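Enquirer: turn this into a structure:
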Amino acid sequence: MMVTTSFRAHPSLPPSSSPPPPPLSSSEEDYRRCVQFQCRPIPSSAPTSKMRHSVNRPPTPDAAEDQEKEPTLQEIINIKLIESGEKERLMELLRERLTECGWKDEMKALCRAFIKKKGRNNVTVDDLVHVITPKGRASVPDHVKADLLQRIRTFLDSAAL
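Expert: Numbering: from 1, shown residues only. Below you'll find the predicted structure:
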């Protein structure tokens with residue numbers, strides 16, 4: 001079914017010599033209506049919740065809620081580590097220690113074995129992360145964990161937290 005539309009220029013515009021656009025097909029008209037209704041603003045009388053919703057991401061809390069919320073101890077420690085530059089130094093130390101003890105080479109070998117088993121074209125990075133992360137965390141040597149923990153405690157003592 002063809003829908004005919006009349007085309008009339010706004011009275012303040014000069015007359016156009018171009019012909020009006022061709023009538024829309026049924027599917028084009030449906031698409032136009034769909035877009036029109038989806039983009040329509042929500043009336044102010046509609047009930048609103050405290051969360052704003054989005055198609056592409058989870059609901060975002062209101063700004064007022066964010067300001068009232070106090071940071072947790074973990075968040076405070078993380079902020080202090082970043083501001084002082086200690087977090088970057090600890091990360092570099094961790095990289096060095098994991099390389100020294102052979103952990104990095106072990107993880108590479110696990111990744112290569114997994115890729116070989118599944119086939120190069122059948123593996124995504126997400127697959128690798130999902131499979132290797134638990135093994136990697138479990139195989140970090142205890143002395144590396146203990147050294148890192150001791151350095152974090154020393155930082156916290158010096159920062160008086």
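Enquirer: touching the longest helix that the chain contains from outside, list them.
Expert: As assigned by DSSP state H, the longest helix anywhere in the chain is helix 142-159. With contacts defined as C-beta atoms under 8 Å, 6 or more residues apart in numbering, helix 142-159 is touched by 77, 80-81, 84, 86, 90, 93-94, 97-98, 101, 103. Just so you know, the C-beta spots here come from the backbone N, C-alpha and C atoms, and that holds for glycine as well.
Enquirer: likewise stretch 92-111?
Expert: 128, 132, 135-136, 139-141, 144, 147-148, 151.
Enquirer: show the buried residues in these.
Expert: Among these, those classed as buried by 16 or more other C-beta atoms under 10 Å are 128, 136, 144, 148.
Enquirer: in a markdown table: those residues, plus distance to Asn121.
Expert: Formatted as a markdown table, these follow (distance: C-beta to C-beta, whole Å):
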| residue | distance to Asn121 |
| --- | --- |
| Leu128 | 14 |
| Gly136 | 24 |
| Val144 | 35 |
| Leu148 | 38 |
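Enquirer: ok, of those residues, which one's closest to Lys69?
Expert: Proximity of these to Lys69, judged by C-beta to C-beta, is greatest for Leu148, which lies at 29.2 Å.
Enquirer: separation between the closest one and Arg120?
Expert: Going from Leu148 to Arg120 by C-beta to C-beta, to the nearest Å gives 35 Å.
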